[in-house]
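Asker: Got a predicted structure here, sequence first:
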Amino acid sequence: MEAKAVDSIKPEEDSRWRLINRTIRLHGNAPDALIETLHGVQERFGFLDLDALKYVAGSLKVPLSRVYAVATFYHYFTLKPPGEHTCVVCKGTACYIGGAAGILDDINQTIGISPGETTTDGRISLLTARCLGSCGLAPAVVLDGQVCGRMTPDAVLEKIGSWTSHDDDA
Ligand code: FES
């Protein structure tokens with residue numbers, strides 16, 4: 001049976017998926033573009049979750065099992081990070097110039113994790129991505145899937161702090 005792109009992903013509402021769709025179209029929606037497309041997803045989102053794998057499978061018309069096999073074979077690809085919450089800092093040019101390095105430094109100094117790492121309590125995973133397609137909002141950070149623009153280190157740490165305090169209340 002042919003794979004179908006998942007309905008929960010709405011490229012018209014998310015510039016990251018628009019950029020990925022453009023790459024897919026440039027390759028003529030060809031299955032050969034699988035690895036390059038997965039690279040694009042990882043660069044924009046920081047990781048590949050199941051919905052993203054299904055979307056890529058549907059767009060390129062390749063079986064999900066093949067997409068999954070490729071995503072798990074290469075160490076470069078990260079399937080959904082282990083933390084309960086994810087913070088993805090954009091390191092594209094505009095965001096880098098806008099202060100992304102300072103955000104990463106402050107996260108590292110405050111909660112002790114670097115990109116690709118998860119806090120020892122399993123609550124927060126920190127990742128980086130390359131250009132989210134929202135350069136006008138630089139520096140941009142994706143907090144639990146929501147793209148947040150013009151972020152400062154303090155604003156990011158405040159959000160991360162709210163995750164921890166809400167979790168403590170639960
Ligand atoms: S460089 Fe960060 S959104 Fe484009």
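Answerer: Thanks, I have it.

Asker: okay, now whichever residue of the chain sits closest to the ligand: neighbour count?
Answerer: In the chain, the residue that lies nearest the ligand is Gly92 (2.4 Å; CB to the nearest ligand atom). All C-beta spots, glycine's among them, are computed from the backbone N, C-alpha and C. Counted with other CB atoms under 10 Å, residues neighbouring Gly92 total 22.

Asker: got the contact list for it?
Answerer: Shown in contact with Gly92 (CB atoms under 8 Å, 6 or more residues apart in numbering): Ala129, Arg130, Cys131, Leu132, Cys135, Ala138.

Asker: Could you find the closest non-adjacent residue to the first one?
Answerer: If I follow you right, that is Ala129. Gly46 (4.5 Å; CB to CB, 6 or more residues apart in numbering).

Asker: Kindly report the same for the second one.
Answerer: Excluding its sequence neighbours, the residue lying closest to Arg130 (CB to CB, 6+ apart) is Glu43, at 4.2 Å.

Asker: Report the secondary structure state of Val89.
Answerer: strand (DSSP: H, G, I helix; E, B strand; the rest coil).

Asker: hang on, it packs against Pro115?
Answerer: Yes: proximity of Val89 to Pro115 meets the contact threshold set by CB atoms under 8 Å, at 7.4 Å.

Asker: got any residues that touch both of these two?
Answerer: With CB under 8 Å, 6+ apart as the test, Val89 and Pro115 both reach Leu104, Leu126, Leu127, Thr128.

Asker: so what's the second one scoring on pLDDT?
Answerer: pLDDT, the model's per-residue confidence, is 96 for Leu126.

Asker: isn't there a strand covering it?
Answerer: Yes: Leu126 sits within a strand when classified using three-state DSSP.

Asker: how about it, what does it touch?
Answerer: Here Leu126 is in contact with Thr86, Cys87, Val88, Val89, Leu104, Ile107, Ile113, Ser114, Pro115, Gly116, Glu117, Thr118 (CB under 8 Å, 6+ apart).

Asker: Distance of the third one relative to Thr118?
Answerer: Using CB to CB, to the nearest Å, one gets 13 Å for the distance from Val88 to Thr118.

Asker: ok so, going back, Val89 and Pro115: who's more crowded?
Answerer: Using other CB under 10 Å as the criterion, Val89 and Pro115 rank with Val89 on top: 25 against 17.

Asker: Dig out what that one forms beta bridges with.
Answerer: Per DSSP bridges, the residues bridged to Val89 are Thr128, Val141.

Asker: Which elements pack onto the lowest-mean-pLDDT helix or strand in the chain?
Answerer: When the helices and strands of the chain are scored by mean pLDDT, DSSP states H and E, helix 153-169 comes last with a mean of 85. On a contact count with 3 or more CB pairs under 8 Å, 6 or more residues apart in numbering; DSSP states H and E, helix 153-169 meets strand 85-90, helix 100-111, strand 124-129, strand 141-143.

Asker: Cheers, nothing more for now.
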